[in-house]
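Engineer: This is a predicted model, with the sequence first.
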There are 2 protein chains.
Amino acid sequence: MSKHIILTIGRQFGSGGRIIGKKLADTLGISYYDKELLALAAKESGLCPEVFEKADEKASDGLSHAFTTGFSYLSMFVPYADILSNEGLFKIQSDVIRKLAERESCVIVGRCADYILRDNPHCISFFIHDKMENRVQRVVERQQITVEQAKDLIVKTDKSRAAYYDYFTNKTWGMSSSYNFSIDVSVLGIDHTAGFITNVMERR
Amino acid sequence: MSKHIILTIGRQFGSGGRIIGKKLADTLGISYYDKELLALAAKESGLCPEVFEKADEKASDGLSHAFTTGFSYLSMFVPYADILSNEGLFKIQSDVIRKLAERESCVIVGRCADYILRDNPHCISFFIHDKMENRVQRVVERQQITVEQAKDLIVKTDKSRAAYYDYFTNKTWGMSSSYNFSIDVSVLGIDHTAGFITNVMERR
């Protein structure tokens, strides 16, 4: 695809959002960023990747904890030491996301990318959700855990993502008006949902 | 279209949801119900249409008020008199919606139809939203009022619709997970949004 396009994907845990994002990147021939963002943020800041992984899309309490218990010594070595806080980490990641979005067409999953890129005219935001029963089934299969464990993990992860999103943006996680398109995967299935999004991008 | 299909449309005030609903009904060659539901509910119940119009998609306080101040005398004449309450009016309207959805393919706008038809396998639910500036412009042009008046009307009407929806369903108005698809009209415009929904219905 020759147009410069940025797709951001917010998603419920277990909804298939990541798989859809990858399919879209493949179909459109553009880059895909999910966990990859953490490594890039680490490289950019000089912090070790574990700092970003530990705090990734966690609510602000978790972030504070990471920085107050184990990483204060970093302030002696790293360029971003003066802003090592919840907001500091978010800023580093935001800078990385903005640079990527300027440089190339890509799919970015999670990390409030829709908010960070709100002024980027090439950006279209999606939120992927699904029925609880389908999400449970996906998580059980993927992580080889029980149905009860999967349900528990889904509720906790969504709560954490919502707290992270709501803290760092002026929007509400999962609210229709926070995204351009919200899609229930159960209607068309994963493949056709990806096809449908490709269609939207081509019609623009 | 030969398949039996039901499209429900929730919408922010001024988002163009009604126009999109009408276009869809025309394109798909199926019936359209919005305010028409009120007349049908009145006919079904023997109550005068004004009862339904006065309480239409208003929060429960408004509904209670309508029934406690002016309509108690109706209990002497009408078949539904024993259930004349917020819930009673909702039940009459729900029965009408369910009957229509069984009888024919149609587009139904508002009135918690997505919730009422949650067990109908032919039903796909949409929520239509738009940027505030576009909504204000639509309302100003349609109702010939000032920008300030339009903003005020939008906020009040959305609040009222949300309160009505949240009271009568176990879902949250405007939340992505309450609908199969949520669409920001500003991305594709009204005509292409309608085209896009038609496309979804054809792919199912």
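Structural biologist: Perfect, I can see it now.
Engineer: Can you tell me the element A:N134 falls in?
Structural biologist: helix A:132-143 (DSSP states H and E).
Engineer: pLDDT of the following helix or strand past that helix, averaged?
Structural biologist: Beyond helix A:132-143 in the direction of the C-terminus, DSSP H and E gives the next helix or strand as helix A:147-168. What helix A:147-168 shows for mean pLDDT is 96.
Engineer: Okay, helices next: where are they in chain A?
Structural biologist: Per DSSP state H, chain A carries helices over the ranges A:17-28, A:36-45, A:49-55, A:60-69, A:86-103, A:113-116, A:132-143, A:147-168, A:185-203.
Engineer: Just want the angle from the second one to helix A:86-103.
Structural biologist: Using axes from the mean of the first three to the mean of the last three Cα atoms, to 10 degrees, the interaxial angle of helix A:36-45 with respect to helix A:86-103 works out to 100 degrees.
Engineer: Can you show me the CA trace of helix A:36-45 as CSV?
Structural biologist: The C-alpha coordinates for helix A:36-45 follow below in CSV (Å, rounded to 0.1, in the frame of the first residue of the first chain):
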residue,chain,number,x,y,z
GLU,A,36,8.5,-4.6,19.9
LEU,A,37,7.8,-1.1,21.2
LEU,A,38,9.3,-2.0,24.6
ALA,A,39,12.6,-3.0,23.1
LEU,A,40,12.7,0.2,21.1
ALA,A,41,11.8,2.3,24.1
ALA,A,42,14.6,0.5,26.0
LYS,A,43,17.1,1.2,23.3
GLU,A,44,16.0,4.8,23.0
SER,A,45,16.3,5.5,26.7
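Engineer: Mind picking out the helix or strand in chain A with the poorest mean pLDDT?
Structural biologist: The helix or strand of chain A with the poorest confidence is helix A:60-69; it has a mean of 46 (mean pLDDT, DSSP states H and E).
Engineer: re earlier: now render the helices of chain A as JSON lines, adding distance to B:I154 and mean neighbour count.
Structural biologist: For the C-beta atoms, the positions are set from N, CA and C on the backbone; glycine is no exception. As requested, those are exported to JSON lines (distance: least, Cβ to Cβ, whole Å; neighbours: other Cβ atoms under 10 Å in any protein chain shown):
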{"stretch": "helix A:17-28", "distance to B:I154": "31", "mean neighbour count": "20"}
{"stretch": "helix A:36-45", "distance to B:I154": "36", "mean neighbour count": "18"}
{"stretch": "helix A:49-55", "distance to B:I154": "38", "mean neighbour count": "18"}
{"stretch": "helix A:60-69", "distance to B:I154": "32", "mean neighbour count": "16"}
{"stretch": "helix A:86-103", "distance to B:I154": "31", "mean neighbour count": "19"}
{"stretch": "helix A:113-116", "distance to B:I154": "23", "mean neighbour count": "24"}
{"stretch": "helix A:132-143", "distance to B:I154": "33", "mean neighbour count": "16"}
{"stretch": "helix A:147-168", "distance to B:I154": "23", "mean neighbour count": "17"}
{"stretch": "helix A:185-203", "distance to B:I154": "26", "mean neighbour count": "18"}
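Engineer: and of the ones you listed, who's closest to chain B?
Structural biologist: With Cβ to the nearest Cβ as the measure, helix A:185-203 is the member of the helices of chain A nearest chain B (5.0 Å).
Engineer: who touches the closest one?
Structural biologist: Residues outside helix A:185-203 that contact it (Cβ atoms under 8 Å, 6 or more residues apart in numbering or on different chains) are A:1, A:5, A:7, A:15-16, A:19-20, A:23-24, A:27-28, A:124, A:126, A:128-131, A:134, A:181, A:183, B:124, B:180-181, B:187-188, B:192, B:196, B:199-200, B:203-204.
Engineer: let's see 7 Å
Structural biologist: Helix A:185-203 has contacts (Cβ atoms under 7 Å, 6 or more residues apart in numbering or on different chains) with A:5, A:7, A:15-16, A:19-20, A:23-24, A:27-28, A:124, A:126, A:128, A:130-131, A:134, A:181, A:183, B:124, B:180, B:188, B:192, B:196, B:199-200, B:203-204.
Engineer: OK, contacts around the residue lying closest to A:A25 once chain neighbours are set aside?
Structural biologist: The spatially closest residue to A:A25, leaving aside those adjacent along the chain, is A:Y32, at 3.7 Å (Cβ to Cβ, 6 or more residues apart in numbering or on different chains). Contact partners of A:Y32, counting by Cβ under 7 Å, 6+ apart, are A:G21, A:K22, A:A25, A:C106, A:V107.
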